[in-house]
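Engineer: All I have is the shape, not the residue letters:
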């Protein structure tokens, strides 16, 4: 590994926990999270959040809801559609994502999980 590669690794922190499987009683599906922070500032430079459940949405590889900043701009994925969104900060975005996926999953459960 080159000295430059080692230096590049030291200036970024990557957070990518294992996927979280949602139990059937809560609507099924998988949650995915990926965050890259610049160090030492801890500024988020790349992120992706996704709720994947092919029982709810067959488009976009089953991604029901997602937020990321790929392609150089923040945007939201919802049921196969993509819209440009502002970036309120990672923590605020994560809280919004958490509220939205839970609401979607619980509505799916209430409707009888087709």
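Structural biologist: Nice, I can see it. Keep in mind it's a predicted model, so treat the numbers as computed, not measured.

Engineer: Who are the contact partners of residue 60?
Structural biologist: 77, 79-80 (C-beta atoms under 8 Å, 6 or more residues apart in numbering). Bear in mind the C-beta positions are built from the backbone N, C-alpha and C, glycine included.

Engineer: residue ranges with poor pLDDT in this protein?
Structural biologist: By pLDDT under 70, the low-scoring segments of the chain are 1-10, 114.

Engineer: longest helix of it?
Structural biologist: If you go by DSSP state H, the chain has its longest helix at helix 90-110.

Engineer: Tell me which other helices or strands it touches.
Structural biologist: Helix 90-110 makes packing contacts with strand 30-38, strand 43-52, strand 63-68 when contacts are defined by 3 or more C-beta pairs under 8 Å, 6 or more residues apart in numbering; DSSP states H and E.

Engineer: tell me the most buried of those strands?
Structural biologist: Most buried of the helices and strands packed on helix 90-110 by mean neighbour count (mean count of other C-beta atoms under 10 Å) is strand 63-68; its value is a mean of 21.

Engineer: Pairing partners for the helix or strand following that one, with directions?
Structural biologist: Per DSSP states H and E, the first helix or strand lying C-terminal to strand 63-68 is strand 75-78. Using DSSP bridges, the strands paired with strand 75-78 are strand 63-68 (antiparallel), strand 81-84 (antiparallel).
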